[in-house]
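Engineer: Any chance you could fold what I've pasted below:
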Amino acid sequence: MSVANDPGDVTDWVGVYPAGQNGFAAIAWQYLNGSQTSPAEGQKAASLTFALPSLPGPYDFVLYAKNGYTVLATSNIVNATTGTFSCTPGYKMTNGSCAICSAPRHYQYSLSSPTALKCSPTETKLLQVQVPDHGYALARATMVFANSNSQSYYWNANLIVGDSANFANGDDICPKASTTNKISLGYGLLNANSSTITLQAYQGSSPCIDGQVTALAGSSLDVWVEDPAPDCQKRDINMITTYNTLTFPTPSSIAQVYPASTYPYFAWTNSMSILATLPVPVTSGRSQMLVLSSVEGTTINESNSNNYTCGQSAPPLISQIASNDLGILAQGESPVPTLGGQGNMGHLVNSSQTSSAITYDSSTMNWLELLVGSNLSNVYVTTGGCCGDGKIGFVKVQ
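Structural biologist: Next up is the predicted model:
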């Protein structure tokens, strides 16, 4: 189809609709440059190609102004007999027409009483819930642990979402101390065969005695589930993990401790570095988003730092979430808890997340990044390998 005498705004666009239904969700659309990315300069004329819908019937091509719904022109009716019928991203096919994907649903559960952990590898279930919903889901566990022993212990939590594999992380607790809020993220598909989410954990030390680490009451589990329609999947909710996917070269100094061929690592530096990048697809009708991350940093040869003794102050490890258009969205930082003489490695789970939904522009936000950095000197910090994962996700809440 052809456009002539357009006013020339870069965001003028054409949508395809069943005849007489303009203003509803478009079956397909393009800017006047023939793509869904607006051109650098406006065009007064264009020749556009659309696949004809496979659902036979009459259709209109409608020219709109400035990313809105002010009609500039409407074509003569076109009768479709062959082709491909699909909806604009963020819409689903419902009864032969396009409807906007439902916004994610939110569920929340909490631990009602303190729960003592057992020594590795025996796991204790903290929460196991049947979510009354289907679709891809992102789960966030917010946990607080207390160590009652006079030596350092560690905790490790596993989060299993529907049909997913385990998502695990953990860190160390100084003697007779408690952690701050610790975040673990999980992602998976909830369906009729598997709609359960399980949060379980264990403790460890050398020697290890059952019941020294306790998950405190009030630890919680938030679950967001998106529209299960195929056209909606992974558009409103998504998460990526770096575990077993890292391909970064391992510095020789770290490889001396753990061979790179066995344990590929991402090595933190004293400046913020990109650990993971998550694309953000366009979803029609969305403007509010939560962004979340959790990353475990493992310190190697920690005895080189003043943080070797539990309780001493130390420079923190830092994680950030940034987007291509809005810059830094969230930051988290924490000092590294140590093994206090129990070994030469320490572990820290650090999280960065927005405390509430941010306002964003779906047409300009293309990706999110998880960045990490260390202020420790003479101490190597890694993610990956035997110990540690980095996860970043988003939920488009409305």
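Engineer: What strands flank whichever strand or helix holds L348, and is each parallel or antiparallel?
Structural biologist: L348 is located in strand 345-353, with elements delineated by DSSP states H and E. For strand 345-353, the pairing partners within the sheet under DSSP bridges are strand 288-300 (antiparallel).
Engineer: could you give the mean pLDDT of the strand it pairs with?
Structural biologist: Taken as a whole, strand 288-300 has an average pLDDT of 90.
Engineer: So for that strand, what gets flagged as buried?
Structural biologist: Applying a neighbour-count criterion of 16 or more other Cβ atoms under 10 Å, one finds 289-300 buried in strand 288-300. Every residue, glycine included, has its C-beta placed from N, CA and C.
Engineer: any idea which of those is closest to H134?
Structural biologist: L290 (20.9 Å; Cβ to Cβ).
Engineer: wait, isn't that closest one in contact with Y360?
Structural biologist: No. Assessed by Cβ atoms under 8 Å, L290 is found out of contact with Y360, at 10.6 Å.
Engineer: Just to check, D172 is in contact with F145?
Structural biologist: No. With contact defined as Cβ under 8 Å, D172 does not reach F145; the gap is 10.2 Å.
Engineer: Which one of those two is surrounded by more residues?
Structural biologist: Using other Cβ atoms under 10 Å, the more surrounded residue of D172 and F145 is D172, with 27 against 24.
Engineer: got the residue ranges for the strands in the stretch 201-350 of the chain?
Structural biologist: For the stretch 201-350 of the chain, strands defined by DSSP state E, counting those that start in this stretch occupy the ranges 213-215, 220-225, 237-241, 265-267, 273-279, 288-300, 316-323, 327-335, 345-353.
Engineer: Kindly apply the preceding question to the stretch 1-150 of the chain instead.
Structural biologist: Assigned strands in the stretch 1-150 of the chain, in chain order: 2-3, 13-18, 28-31, 46-47, 57-65, 70-74, 78-80, 91-94, 97-100, 105-110, 115-116, 124-130, 135-143, 145-147 (criterion: DSSP E, counting those that start in this stretch).
Engineer: what's the most buried one of those?
Structural biologist: Ranked by average neighbour count under the criterion mean count of other Cβ atoms under 10 Å, the strands of the stretch 1-150 of the chain are headed by strand 135-143 at a mean of 25.
Engineer: Can you name every helix or strand that that one contacts?
Structural biologist: Under the contact definition 3 or more Cβ pairs under 8 Å, 6 or more residues apart in numbering; DSSP states H and E, strand 135-143 sits against strand 153-161, strand 182-190, strand 196-204, strand 220-225, strand 237-241.
Engineer: Columns distance to K182 on top of the strands of the stretch 201-350 of the chain, output as TSV?
Structural biologist: Listed next are these as TSV, based on distance: least, Cβ to Cβ, whole Å:
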stretch	distance to K182
strand 213-215	10
strand 220-225	12
strand 237-241	17
strand 265-267	21
strand 273-279	18
strand 288-300	8
strand 316-323	13
strand 327-335	10
strand 345-353	5
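Engineer: in the sheet, who's paired with A168?
Structural biologist: Partner residues in beta bridges with A168, using DSSP bridges, are N158.
Engineer: What is the burial count for it?
Structural biologist: 19.
Engineer: give the contact list for it.
Structural biologist: By Cβ atoms under 8 Å, 6 or more residues apart in numbering, the contact list for A168 reads 156-159, 184, 389.
Engineer: Redo those residues as a markdown table? Include distance to L126.
Structural biologist: What follows is these, written out as a markdown table (distance: Cβ to Cβ, whole Å):
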| residue | distance to L126 |
| --- | --- |
| N156 | 12 |
| A157 | 8 |
| N158 | 10 |
| L159 | 10 |
| S184 | 11 |
| D389 | 19 |
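Engineer: Alright, that wraps it up for me.
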